[in-house]
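> Please find the sequence and the predicted model below.
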Amino acid sequence: MLSYIGRRLLIAIPTLIIVSIFVFSLQKILPGDPVLAMAGEDRNPETLEYLREKYRLNDPVIHQYFYWIGGALQGDLGISLRTNQPVTQLIAAKLPVTIQLAIMSMIFAFAIGIPMGILSAVKKGTVLDYVANIVALSGLSIPNFWLGIMLILLVSVNLGWLPASGYEPFFRDPIRSLETMIMPAFVLGTALAATLMRHTRSAMLGVLQADYVRTARAKGLSEKAVILKHTFRNAVLPIVTLSALLFGELLAGAVLTEQIFTIPGFGKLIVDAVFNRDYAVVQGVVLCTAIGFILMNLVADVLYVLLNPRMRQAL
Amino acid sequence: MQADTSPDASIGAPAEPVLAVEDLTIRFHGQSIDMIDGVDFSIEKGKTLCLVGESGCGKSVTSLAAMGLLSRKAATIRKGAVRFKGRELLALSTREMEKLRGGDMAMIFQEPMTSLNPVFTVGEQVAEAVRRHRRCSRSEARERALEMFRRVRIPAPEKRLDDYPHQLSGGMRQRVMIAMALANDPALLIADEPTTALDVTIQAQILDLMRELQEETGAALLLITHDLGVVGEIADDVAVMYAGRVIEKGTVQAVFSDPQHPYTLGLMGSMPSLSGGRGRLMTIAGSVPPPALMPAGCRFATRCPFADDHCRTHRPETTVTADGHGFACFKAPLEMLVGGEAA
């Protein structure tokens, strides 16, 4: 098992190198000159030249890349062009916010999507199945921002139950933190729940046809044991892989959701950075996100192997 | 030997059969005819009944219905009775049926490769069946699973308990299925083509094993097969099915030595030598008609060389001779007919 994880980590290295090259190229591909953005009104050629020298923008591109990646490997992602803070520091401040949002959204997604998927598979063709499918389709079709705004209108403005925006670190005031986070997490979670529900349903329907499910019934097991133990335990395998992919969708969704609920997280950080041509921050955030995504997929792959004895033997 | 209601059919006082299927009629949703049409047969303690017929004739559906495993979404049992030790199963609640299944009546299936759950060890799966029907601890259930592994002669049983299905061969997996089915000493074992998916040498081993275990336990065995060789080897009685009906049944000797229904004859690929050396008269031409084209009378009429208009429009009832040999054919006994045709 450990050697499997080791091998998977080794495979992740080339992926990360490719991602880093892509991320680095962003600043070369994107329109706009960061030096001009920094210099502001002062278009004096000397100032511009000074800034170019300072940020090594006159060096060959290859050198610039190695300078950047060398720093990144040591935990130095450069300095924000706008705030002059180290990018690592900025990320460290925003990361917990987005992680909390991601975890809470995932909880919503699983708590809604999986039971609904199981139920609609077991009750296939009944009213319950149709209702679940309509709900899922709505979840997929309703844009996050619209749902977010409607929820703010209803829950915060009209009912006054929850704050419309803001953020409180979880460890400083857990209750307040949950209050501010629950609506954005719900908004973000519902879209994922819909995808999860659809996939759980089809995975369950496939497994329900399996011979071993008939064997489970022939043993005299209760329908509950047949569904939850013998069927779901097999249907969960594709869902594990899917969840890692959904994590990417989650991060993308977080950008928008954080804007709507003005949560100072990763999404807001990257949007602000892009608008300000703050390349160091954009690069750092994208690199971090890519690492997070690769790690989630690694976790999913390991889980998949743990849950699937056929894979375990192949290691 | 059989449970026909005809007064002249019983020999002495028949013991109560372990399983009696009477006039079982099943229709699949969306079809215009009954897929299973008035199926009758019964099995006594310690006896083996083979249900024979080609694919799609309803053997498996009949057995699944007996086990209560037929999906209600797919089919409806329109009439008939399935009596297990005198108890009407079709009237039982889901709960009561669950108690019987895997306990007093058990089933093994055709595909050992896919009939075991890939994510649990085979030991767990057998122990699960034990725990479902007996009050016992996990370790006692495991003990029982081990004992059953020994009885079905799985080599190195202690090690195999913790194996996953994919680590075992098809023959071993079928042994596991048999161990699971017999773990709770069932009075009835239904085996749906248990050897079809296996190599020929393994087939013989599994059949021998089943026969041996049956002798040990005294369980009744309902064996579903399309292999007449298997029937000759293992069965006491045989019931031949065609297109959802039992068209001939009786002891193996009676049916094999003196088949009365043209379909049975065709199945055996030969005719009685009474025809006077004109060689083989028939194989079964054509195929089973689709439900929409099924004749209203004898369902074999479309393929039967002897069928006339009466056959096509009237349903032949089962005639039972004194020795319990039953057949549903207007033309029986065929000897006369064959002789007549030859002349």
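Yes, it's here.
> Show residues contacting the helix or strand residue A:53 falls within.
With secondary structure defined by DSSP states H and E, residue A:53 is part of helix A:45-54. Applying C-beta atoms under 8 Å, 6 or more residues apart in numbering or on different chains, the external contacts of helix A:45-54 come out as A:35, A:36, A:38, A:39, A:57, A:58. For the C-beta atoms, the positions are set from N, CA and C on the backbone; glycine is no exception.
> List the contacts of the second one.
In other words, residue A:36. When contacts are counted by C-beta under 8 Å, 6+ apart, residue A:36 touches A:43, A:48.
> And for residue B:248?
With contacts defined as C-beta under 8 Å, 6+ apart, residue B:248 is in contact with B:239-240, B:255, B:259-261, B:263-264, B:325-329.
> go with 10 Å
By C-beta atoms under 10 Å, 6 or more residues apart in numbering or on different chains, residue B:248 lies in contact with B:52, B:238-242, B:254-255, B:259-265, B:267, B:318, B:325-329, B:332.
> Repeat that for residue B:27.
Residue B:27 makes contact with B:33, B:34, B:35, B:36, B:37, B:75, B:76, B:77, B:78, B:244, B:291, according to C-beta under 10 Å, 6+ apart.
> pretty sure it is in a strand, no?
Yes. According to DSSP: H, G, I helix; E, B strand; the rest coil, residue B:27 belongs to a strand.
> Can you give me the separation between the closest residue to residue B:145 other than its chain neighbours and residue A:207?
With sequence-adjacent residues excluded and distances taken as C-beta to C-beta, 6 or more residues apart in numbering or on different chains, residue B:145 is closest to residue B:126, at 3.9 Å. Computed as C-beta to C-beta, to the nearest Å, the residue B:126 to residue A:207 distance reads 21 Å.
> More neighbours: these two, which one.
For residue B:126 against residue A:207, the residue with the higher neighbour count under other C-beta atoms under 10 Å in any protein chain shown is residue B:126, and the figures read 29 against 22.
> Please determine whether stretch B:28-37 lies in contact with chain A.
No. Using C-beta under 10 Å from any C-beta of the partner chain, stretch B:28-37 stays clear of chain A, with a minimum separation of 11.3 Å.
> Contacts for that stretch, please.
Where contact means C-beta under 10 Å, 6+ apart, the residues beyond stretch B:28-37 that reach it are B:21, B:23-27, B:56-59, B:61-62, B:65, B:70-80, B:241, B:243-246, B:290-294, B:296, B:299, B:315.
> mind redoing it with 6 Å?
With contact meaning C-beta atoms under 6 Å, 6 or more residues apart in numbering or on different chains, stretch B:28-37 is reached by B:24, B:25, B:26, B:27, B:58, B:61, B:62, B:75, B:244, B:245, B:291, B:294.
> do the same with stretch A:257-265
Outside stretch A:257-265, the residues that touch it by C-beta under 6 Å, 6+ apart are A:94, A:97-98, A:144-145, A:148, A:165, A:167, A:184, A:187-188, A:267-268.
> if we go to 7 Å?
Outside of stretch A:257-265, the residues that reach it under the criterion C-beta atoms under 7 Å, 6 or more residues apart in numbering or on different chains are A:94, A:97-98, A:101, A:144-145, A:148-149, A:165-167, A:183-184, A:187-188, A:254, A:267-268, A:271.
> same check, this time on stretch B:182-191
Outside of stretch B:182-191, the residues within contact range by C-beta under 7 Å, 6+ apart are B:18-19, B:63, B:66-67, B:84-85, B:102-108, B:126, B:129-130, B:133-134, B:144-145, B:148, B:181, B:210, B:213, B:217, B:219-224.
> cutoff 8 Å now
Contacts of stretch B:182-191 from elsewhere in the structure, counted by C-beta under 8 Å, 6+ apart, are B:18-19, B:43, B:45, B:63, B:66-67, B:84-85, B:102-108, B:126, B:129-130, B:133-134, B:144-145, B:148, B:151-152, B:181, B:210, B:213-214, B:217, B:219-224.
> next one: stretch B:295-306
The set of residues that contact stretch B:295-306 without belonging to it, under C-beta under 8 Å, 6+ apart, is B:37, B:242-245, B:247, B:261-263, B:266, B:281-282, B:284-289, B:293, B:307, B:310-316, B:328-331, B:334, B:337.
> make it 7 Å
Around stretch B:295-306, the neighbours that count as contacts under C-beta under 7 Å, 6+ apart are B:242-243, B:245, B:247, B:262-263, B:282, B:284-286, B:289, B:307, B:311-316, B:331, B:337.
> same deal with stretch A:70-86?
By C-beta under 7 Å, 6+ apart, the list of residues contacting stretch A:70-86 reads A:34, A:38, A:68, A:87-88, A:90, A:276, A:278-281, A:283-284, A:287.
> let's see 10 Å
Counting by C-beta under 10 Å, 6+ apart, the neighbours of stretch A:70-86 from elsewhere in the structure are A:20, A:23-24, A:34-35, A:37-38, A:51, A:55, A:67-68, A:87-93, A:269, A:272-273, A:275-281, A:283-285, A:287-288.
> How far off centre is that stretch?
Relative to its chain's centre, stretch A:70-86 lies at 23 Å (C-alpha atoms, centre = their mean, to the nearest Å).
> Helices of the stretch 101-250 of chain A, residue ranges please.
Per DSSP state H, counting those that start in this stretch, the stretch 101-250 of chain A has helices spanning A:127-141, A:144-151, A:174-208, A:211-218, A:223-225, A:232-260. These are given in chain order.
> First-to-last residue distance for stretch B:147-163?
Terminal residues of stretch B:147-163 lie 16 Å apart, using C-alpha to C-alpha, to the nearest Å.
> Which of the contacts of stretch B:28-37 fall within strands?
In this view, the contacts of stretch B:28-37 that belong to strands under DSSP state E are B:24, B:25, B:26, B:27, B:75, B:245.
> any idea how far residue B:119 lies from residue A:218?
18 Å.
> Which of these two has more residues huddled nearby?
Looking at residue B:119 and residue A:218 with other C-beta under 10 Å, you find the greater number of neighbours at residue A:218, namely 26 against 19.
> quick one, phi/psi of the closest residue to that one other than its chain neighbours?
Closest residue to residue A:218 apart from its sequence neighbours, by C-beta to C-beta, 6+ apart: residue B:107 at 4.7 Å. When read as degrees, to the nearest 10, the backbone of residue B:107 gives phi -140, psi 140.
> correct me, but residue B:107 touches residue B:67?
Yes. Between residue B:107 and residue B:67 a contact is recorded at 5.3 Å, counting by C-beta atoms under 10 Å.
> Who has more neighbours out of the two?
Using other C-beta under 10 Å, the more surrounded residue of residue B:107 and residue B:67 is residue B:107, with 29 against 24.
> Who does that one form a beta bridge with?
Beta-bridge partners of residue B:107, counted by DSSP bridges, are residue B:190.
> In which helix or strand does residue A:271 reside?
Under DSSP H and E, the secondary-structure element containing residue A:271 is helix A:266-275.
> Looking at the stretch 1-150 of chain A, which residue is nearest chain B?
The nearest approach of the stretch 1-150 of chain A to chain B comes at residue A:125, 7.4 Å away (C-beta to the nearest C-beta).
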